[in-house]
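K.L.:
sequence and predicted structure below; questions after.
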Amino acid sequence: MADRPTAREAIAALTADFTESAVPAGDTAGDGPLGWSGYAESRARATALTGEQESVVHGTATVGGRPCVLISFEFGFLGGSLGQRTGDRLEAAYEEAMTRRLPLVSLIATGGSRMQEGMIALTQLHRVARASARLRAAGPAQLAVLRDPTTGGGWATLGAGADVILAVPGAQVGFAGSRVRPVDADPGAYTAEGQLAAGQTDAVVPPGELPAAVGHWLRLLAHREPPPAPAPVPAALSSAGLPRTGWDAVLRARSASRPHAEAYLDAYFTVRLPLSGDRCGGTDPGLLCGFGLHDGEPVAYVAQCGTATRPAGYRTAARVIRLADRLGVPVLTLVDTPGAANDAAAERAGAGAAIADAFAAIAAARVPVTTLVIGEGGSGGALALASPDNTHVTADSYFSVIAPELAAAILKRSPDQVHATAGQLRLRPQDLVDLGIARSVVRRDPPGQ
């Protein structure tokens, strides 16, 4: 407890520019809605200990030069628990963010709902969820910083419901608090690091790095009203000429020596922040997602890394694309996969539904989506992340309805006919332009926009 920052210490560590908002009026006298004996004395002791009247502080702030509405939990006040007056303050903070059209940043440290207020406390989660939904519909982003601990309803609303979720190292994070878990539960599952591995959070950030990280995120997640210009097409990173045959194109796209997604992203962005996980318990290390700055403007990115894309990858991609669409940020996708993962684990994880969700996210996007195929374009697993009207290809890539080996097998052709089949599929970069699938073959100098 001695090492746990107070609400105001957490604010001061993030920004020196904080203006506390007025506290909503409400009855704080007596033993609460249940008449819980001794509750008034407990609140009085909490106030004496912390100097706070409730378990949250909220107001406006500037972090990294970017304005926001800021909420900070005081764990020393009855374990940072949510009661009726807490709900008043949280609802007021969301309303202020919506009125001012500002992003909401929550510094969370809570043990859950306040027992002394019973169901009245629990129903505050409905209020928070409703306020969060209204803010999301209005556009501004929600960013959560998970402090120690973040459990119960605070995790299941402000925390897990945020657009971007950061956590401090070693923080206890989970719906179940330490005293109500099964005795044989793996303690690692209830940590910031365990939740990151399970795809439930986006990054674990040391406290000293939080001001810069939150400032960068606020810049990238700024809401924009006018439709943005498309993300510029990245320049090719290799000087390869066009392949002579279809099989040449396949071999070149499969080469380990050609440039891959990480190199393209590093060349394209001056600042790049990752988003990780599908919020359903899965991650895909073969798919890189996040937001970055290109020529000073934010661009969301989804980049395949040459491996078979797993269901968690498609769900993460859909999450990022929908967030970018809500914020008015253009999207860049880099396609490079032999196809969607087709093992039994992928099927059990809902491969078909996840791919459908990625298709739907791009189809519904109001912001422009720019695609560059940088390697293999393997069937629907690649097409699910490709723009239907703004796709470009590099000279060391191909795009095909199916891999030529599989096409030959389905057509009952002998292995020595694979090369000819590749030619018949017309999968070379220049073929894709001729067919109208791609707009251009990108060279080292990107095409004009």
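P.N.:
Received it, and whenever you're ready, just let me know what you need. Numbers count the residues shown, from 1 in each chain.

K.L.:
any low-confidence regions in the protein?
P.N.:
Residues of the chain meeting the criterion pLDDT under 70: 1-2, 445-449.

K.L.:
quick check: the residue most central in space within it vs Ile165, distance?
P.N.:
Centroid-nearest residue in the chain: Leu275, 4.0 Å away (criterion: C-alpha atoms, centre = their mean). According to C-beta to C-beta, to the nearest Å, Leu275 and Ile165 sit 9 Å apart. Bear in mind the C-beta positions are built from the backbone N, C-alpha and C, glycine included.

K.L.:
overlap of the contact sets of these two?
P.N.:
Common neighbours of Leu275 and Ile165, using C-beta atoms under 8 Å, 6 or more residues apart in numbering, are Asp202.

K.L.:
partners of the residue nearest to the centre of the chain in the sheet?
P.N.:
For Leu275, the beta-bridge partners are Cys289 (DSSP bridges).

K.L.:
hmm, it is touching Ala317, no?
P.N.:
No: taking contacts as C-beta atoms under 8 Å, Leu275 lies outside contact range of Ala317: 9.7 Å.

K.L.:
please enumerate the shared neighbours of these two.
P.N.:
In contact with both Leu275 and Ala317: Cys289, using C-beta under 8 Å, 6+ apart.

K.L.:
in contact with the closest residue in space to Asp17 that isn't next to it in sequence, which residues?
P.N.:
Spatially, and ignoring its direct neighbours in sequence, Asp17 is nearest to Thr62 (4.1 Å; C-beta to C-beta, 6 or more residues apart in numbering). If a contact means C-beta under 8 Å, 6+ apart, then Thr62 has Thr15, Asp17, Cys68 as its contacts.

K.L.:
following the helix or strand Thr62 falls within, which helix or strand comes up?
P.N.:
Thr62 belongs to strand 56-63 when assigned by DSSP states H and E. Using DSSP H and E, the helix or strand that follows strand 56-63 in sequence is strand 66-73.

K.L.:
quick one: strands adjacent to that next one?
P.N.:
Sheet partners by DSSP bridges: for strand 66-73, these are strand 56-63 (antiparallel), strand 104-110 (parallel).

K.L.:
deepest-packed of the ones you listed, please.
P.N.:
Comparing the strands paired with strand 66-73 by mean neighbour count (mean count of other C-beta atoms under 10 Å), strand 104-110 comes out on top with a mean of 28.

K.L.:
how far is that one from where the chain is centred?
P.N.:
With C-alpha atoms, centre = their mean, to the nearest Å as the basis, strand 104-110 stands 17 Å off its chain's centre.

K.L.:
C-alpha coordinates for it, PDB please?
P.N.:
In PDB, the C-alpha atoms belonging to strand 104-110 read as follows (Å, rounded to 0.1, in the frame of the first residue of the first chain):
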ATOM      1  CA  LEU A 104     -11.000  10.100 -22.100                       C
ATOM      2  CA  VAL A 105      -8.000   8.700 -20.200                       C
ATOM      3  CA  SER A 106      -8.700   6.500 -17.100                       C
ATOM      4  CA  LEU A 107      -6.000   5.700 -14.500                       C
ATOM      5  CA  ILE A 108      -7.600   2.700 -12.900                       C
ATOM      6  CA  ALA A 109      -6.900   1.100  -9.500                       C
ATOM      7  CA  THR A 110     -10.000  -0.600  -8.100                       C
END
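
K.L.:
beyond that strand, next helix or strand please.
P.N.:
Next helix or strand after strand 104-110 toward the C-terminus (DSSP H and E): helix 118-122.

K.L.:
now do the SS call for the nearest residue to Ala267 once chain neighbours are set aside.
P.N.:
Nearest residue to Ala267 in three dimensions, chain neighbours excluded: Leu237, at 6.4 Å (C-beta to C-beta, 6+ apart). Following DSSP: H, G, I helix; E, B strand; the rest coil, we place Leu237 in the coil state.

K.L.:
please report how far Leu237 lies from Ile437.
P.N.:
Using C-beta to C-beta, we find Leu237 at a distance of 22 Å from Ile437.

K.L.:
for Ala346, same thing?
P.N.:
To Ile437, Ala346 is 26 Å away according to C-beta to C-beta.

K.L.:
next: Thr47.
P.N.:
According to C-beta to C-beta, Thr47 and Ile437 sit 66 Å apart.

K.L.:
more neighbours, those two?
P.N.:
Neighbour count, other C-beta atoms under 10 Å: between Thr47 and Ile437, Ile437 has more, with 19 against 14.

K.L.:
about what we covered before: residue contacts, the residue nearest to Ala267?
P.N.:
Residues near Leu237 by C-beta under 8 Å, 6+ apart: Pro259, Ala263, Tyr264, Ala267, Arg444.

K.L.:
most widely separated two among the residues you listed?
P.N.:
Checking the contacts of Leu237 against each other with C-beta to C-beta, the farthest-apart pair comes out as Ala263 and Arg444, at 13.2 Å.

K.L.:
one step back: and the contacts of Thr62, which of them are buried?
P.N.:
Buried members of the contacts of Thr62, scored by 16 or more other C-beta atoms under 10 Å, are Thr15, Cys68.

K.L.:
dump the contacts of Thr62 to CSV, plus distance to Leu372.
P.N.:
What follows is the contacts of Thr62, written out as CSV (distance: C-beta to C-beta, whole Å):
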residue, distance to Leu372
Thr15, 38
Asp17, 40
Cys68, 33
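
K.L.:
can you tell me which of the contacts of Thr62 is nearest Met98?
P.N.:
Distance to Met98, by C-beta to C-beta, is smallest for Cys68 among the contacts of Thr62, at 12.8 Å.

K.L.:
residues contacting the closest one?
P.N.:
By C-beta under 8 Å, 6+ apart, the neighbours of Cys68 are Thr60, Ala61, Thr62, Ala97, Leu102, Pro103, Leu104, Val105, Leu218.

K.L.:
the stretch 101-250 of the chain: helices as residue ranges?
P.N.:
118-122, 124-138, 152-154, 192-197, 210-220, 246-253 (DSSP state H, counting those that start in this stretch).

K.L.:
same question for the stretch 301-449 of the chain.
P.N.:
Counting by DSSP H, counting those that start in this stretch, the helices of the stretch 301-449 of the chain are 311-327, 344-348, 351-364, 379-383, 404-410, 418-424, 429-434.
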